[in-house]
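[1] My questions concern the predicted model and sequence given below.
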Amino acid sequence: VHVRGTAYGYSYIFILLFLPLVVLGYYGLNYLKLNRIAMLYLVGMSLWFYGYQNIYYLKTILLIVLIPLIFFTLFIKYSRQEENRRPILLAISMAAVGVIFSIMAMIQAIGFTMGMGAASCISRAIGASEYKEANIFASTSIFLSFFLATLLAIIGLCNLQGFVTYLGSTPTILPYAMDYARYILLGAPFMASSFVMNAILRSEGHATYALMGIGLGGILNMILDPICIFAIGWGTKGAAIATAFSQFVSFSILLYFFLRKKSIVHIAPKYLKIFSRKTIYLFTLGFPSTLRQGLMTASCAILNIIAATYGDATIAAMSIVTRIVMFLGSAIIGLGQGMCPVIGFNYGLKKYRRVLDAYFTTMKFGFYMTIVSSCLVLAFAPEIISIFRSDPDVVNVGAFTLRCQVVFILCFPIMVFTNMLAQFLGYATSASFLASLNHGLIFVPVILILPKCFGLLGLEITQAITDTITLLIYIPFIIYYVKYLQSLEKGINKI
């Protein structure tokens, strides 16, 4: 009780004191044209935040931040020198990396599908003390992700030129795209498997191990990028080699935790059940996560296509608003990912009251976060947009659109947490249906109809209307899940 109360206390301090002070101070100083002081204020507040509970955290974060900062500074220095010498080549290289983003999305889709499916099954199995079942789900999901990513790599490498051309490469950028794709595909099995092992470690409560594996790989990638691109002179190929090697390091670190028995679940060939219903179950439970990711990407593309009819300023404004809203939403998604293992474990343990408590407590903190962020964004919407672009047309369209969206951002915690609840209770079909609403089944008809009826205003309010309709569809599902868990709890109490 003391630990939980302390954590809640820190959360209230962060939401009600620290976050408002940071935002008001930073934007206030920028408004007064004191940009350098604003940056120093932001750094100082960050150091205070990390050292508030324990000064040791401050030392750790300084070490983690300063090393990448040094290499990132060198990267900027060298990239500017290179930009002055070969601007056209740099543009072509950036375009090549953009083309290969589709391959990264395919690898992530494999990892997210198997990872979230395994996390749901494993957390419930551990709660029910069915450790053999958990071992089967862990071993099968890691093997399948490695196998499917290897299959993708083989398909791509066997006809690399055709594969890259199919993804949208032009003859000009083809050599650079092929250089980048070759090494990304070679690292695909390790990248997909890392996503799965990270999800498994989080599902059993070992978030620190998961963070170490992914975080150290990310830091290594930042260090190796300037070395491989500029110091060695590999260019685009160097960026791909740095990414692939860093992913292999992450894979090795995460695998080490499993092989050294530091995790609750164990992986071994004897636990593989490839041709069984468990494999289908893994896919169906992981599919909602992949669906969310895919539809979000597709909805952004549709939004850009519709916005193009209103000019470049509208495209820029919509792009900026999307990034800001996704940034605000990432905190909610992170909060939900922390909720998922708690729900799965207690559902398997048949502690249904704890499942409801976890759901509603997470929802409460999600509301606190979105209320504070909404108020700040509503107050400083033009200033926030102008950080990205100072064009008056972009600021006007972006500020109005951003305000429309953040008014309804309170819907976001409800949708995210309810969708994750369904996923970790094992309701794969309803979880997939719910995941398809906000960026698919509702969004597409709304964005096709409203701009035709109301012009630019219709485009600006599209996401707000979509969120409102989606929320109304979510309500009966929420009522069902709550009543279902309450009925299970009553049944346990009767026994």
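    All right, it came through fine. Residues are numbered from 1 along each chain as shown.
[2] now the stretch 301-450 of the chain, which segments are flagged as low pLDDT?
    301 (pLDDT under 70).
[3] Which stretches in it count as strands?
    Shown for the stretch 301-450 of the chain, no strands are assigned by DSSP state E, counting those that start in this stretch.
[4] all helices for it, in order.
    312-348, 352-388, 392-407, 411-425, 428-435, 443-454 (DSSP state H, counting those that start in this stretch).
[5] what about those, which gets the closest to residue 200?
    helix 312-348 (10.2 Å; CB to CB). The way it works is simple: take the backbone N, C-alpha and C, and place the C-beta from them, glycine included.
[6] Which elements pack onto the closest one?
    Counting contacts by 3 or more CB pairs under 8 Å, 6 or more residues apart in numbering; DSSP states H and E, helix 312-348 packs against helix 87-127, helix 188-203, helix 277-308, helix 352-388, helix 392-407, helix 411-425, helix 456-460.
[7] so how far is residue 213 from the closest residue to residue 268 other than its chain neighbours?
    Excluding the flanking residues, the one nearest residue 268 by CB to CB, 6 or more residues apart in numbering is residue 139, at 6.2 Å. When CB to CB, to the nearest Å is the yardstick, residue 139 and residue 213 sit 18 Å from each other.
[8] again with residue 319
    Taken as CB to CB, the span from residue 319 to residue 213 is 32 Å.
[9] Which of these two has more residues huddled nearby?
    For the pair residue 319 and residue 213, the greater number of neighbours falls to residue 213 (23 against 18), based on other CB atoms under 10 Å.
[10] Please list all residues in contact with residue 356.
    Residue 356 sits next to 482, 485, 486, 489 when contact means CB atoms under 8 Å, 6 or more residues apart in numbering.
[11] Let's have these in a markdown table, adding secondary structure and pLDDT.
    Shown next, in a markdown table, are the contacts of residue 356 (DSSP: H, G, I helix; E, B strand; the rest coil; pLDDT from 0 to 100):
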| residue | secondary structure | pLDDT |
| --- | --- | --- |
| 482 | helix | 95 |
| 485 | helix | 94 |
| 486 | helix | 93 |
| 489 | helix | 88 |
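[12] Now, of those residues, which are buried?
    482, 485, 489 (16 or more other CB atoms under 10 Å).
[13] excluding its backbone neighbours, what's nearest the last one?
    Meaning residue 489. In this structure, residue 489 finds its nearest non-sequential neighbour in residue 352, 4.2 Å apart by CB to CB, 6+ apart.
[14] cool, and the second one?
    When the adjacent residues along the chain are set aside, residue 485 lies closest to residue 352, with 4.7 Å between them (CB to CB, 6+ apart).
[15] residues in contact with that neighbour?
    346, 485, 486, 488, 489, 492.
[16] Between which two of these is the distance greatest?
    346 and 486 (14.2 Å).
[17] any idea how far the residue most central in space within the chain lies from residue 361?
    With the centre of the chain defined as its mean C-alpha position, the nearest residue by CA atoms, centre = their mean is residue 330, 6.2 Å away. Distance from residue 330 to residue 361, counting by CB to CB: 20 Å.
[18] swap in residue 26?
    Per CB to CB, residue 26 is found 30 Å from residue 361.
[19] Could you find the closest non-adjacent residue to residue 320?
    Nearest to residue 320 is residue 388, by CB to CB, 6+ apart, at 4.6 Å.
[20] do residue 391 as well
    Leaving aside its chain neighbours, residue 391 sits nearest to residue 313 (6.0 Å; criterion: CB to CB, 6+ apart).
[21] residues near the one you found, how many?
    Around residue 313 there are 18 residues (other CB under 10 Å).
[22] try residue 396
    14.
[23] quick one, what contacts it?
    By CB under 8 Å, 6+ apart, residue 396 has no neighbours at all.
[24] before we move on, what about residue 38?
    Neighbouring residues of residue 38 by CB under 8 Å, 6+ apart: 25, 26, 27, 29, 30.
[25] how about those residues in JSON lines, adding pLDDT?
    Below are the contacts of residue 38 laid out as JSON lines (pLDDT from 0 to 100):
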{"residue": "25", "pLDDT": "83"}
{"residue": "26", "pLDDT": "79"}
{"residue": "27", "pLDDT": "78"}
{"residue": "29", "pLDDT": "83"}
{"residue": "30", "pLDDT": "78"}
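[26] Out of the residues you listed, which is nearest to residue 185?
    Using CB to CB, the contacts of residue 38 come closest to residue 185 at residue 26, 41.9 Å.
[27] From what I see, the closest one and residue 41 are in contact.
    Yes. Between residue 26 and residue 41 a contact is recorded at 6.2 Å, counting by CB atoms under 8 Å.
[28] which residues are in contact with both of these two?
    Joint contacts of residue 26 and residue 41 (CB under 8 Å, 6+ apart) do not exist.
[29] which residues touch residue 114?
    Residue 114 sits next to 141, 142, 144, 145, 148, 192, 195, 196, 282, 283, 286 when contact means CB under 8 Å, 6+ apart.
[30] cutoff 7 Å now
    141, 144, 145, 196, 282, 286 (CB atoms under 7 Å, 6 or more residues apart in numbering).
[31] Mind pulling the model confidence for it?
    On pLDDT, residue 114 comes in at 93.
[32] Give me the three-state assignment for residue 266.
    coil (DSSP: H, G, I helix; E, B strand; the rest coil).
[33] What about the nearest residue to it once chain neighbours are set aside, how many residues nearby?
    Excluding its sequence neighbours, the residue lying closest to residue 266 (CB to CB, 6+ apart) is residue 135, at 5.2 Å. For residue 135, the neighbour count with other CB under 10 Å is 19.
[34] same question, residue 376
    Residue 376 has 19 nearby residues by other CB under 10 Å.
[35] surely it meets residue 21?
    No. Counting by CB atoms under 7 Å, residue 21 is not a contact partner of residue 376; they are 11.2 Å apart.
[36] picking that back up, kindly reformat the helices and strands packed on helix 312-348 as a markdown table containing distance to residue 438.
    A markdown table is the format used below for these (distance: least, CB to CB, whole Å):
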| stretch | distance to residue 438 |
| --- | --- |
| helix 87-127 | 17 |
| helix 188-203 | 22 |
| helix 277-308 | 8 |
| helix 352-388 | 15 |
| helix 392-407 | 12 |
| helix 411-425 | 6 |
| helix 456-460 | 17 |
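[37] Which one of these lies nearest to residue 229?
    helix 87-127 (9.0 Å).
[38] Which residue comes closest to residue 41 once chain neighbours are left out?
    In space, residue 41 is closest to residue 25, 5.4 Å off (CB to CB, 6+ apart).
[39] So between residue 26 and residue 361, which is more surrounded?
    residue 26 (17 against 14).
[40] which residues sit in contact with the more buried one?
    Taking CB under 7 Å, 6+ apart, one finds 38, 41, 42 in contact with residue 26.
[41] Counting only strands, which of those residues make the cut?
    Of those, none are assigned to strands by DSSP state E.
[42] Report all helices and strands that whichever strand or helix holds residue 181 contacts.
    When elements are assigned from DSSP states H and E, residue 181 belongs to helix 174-186. Here helix 174-186 touches helix 87-127, helix 131-158, helix 160-166, helix 236-259, going by 3 or more CB pairs under 7 Å, 6 or more residues apart in numbering; DSSP states H and E.
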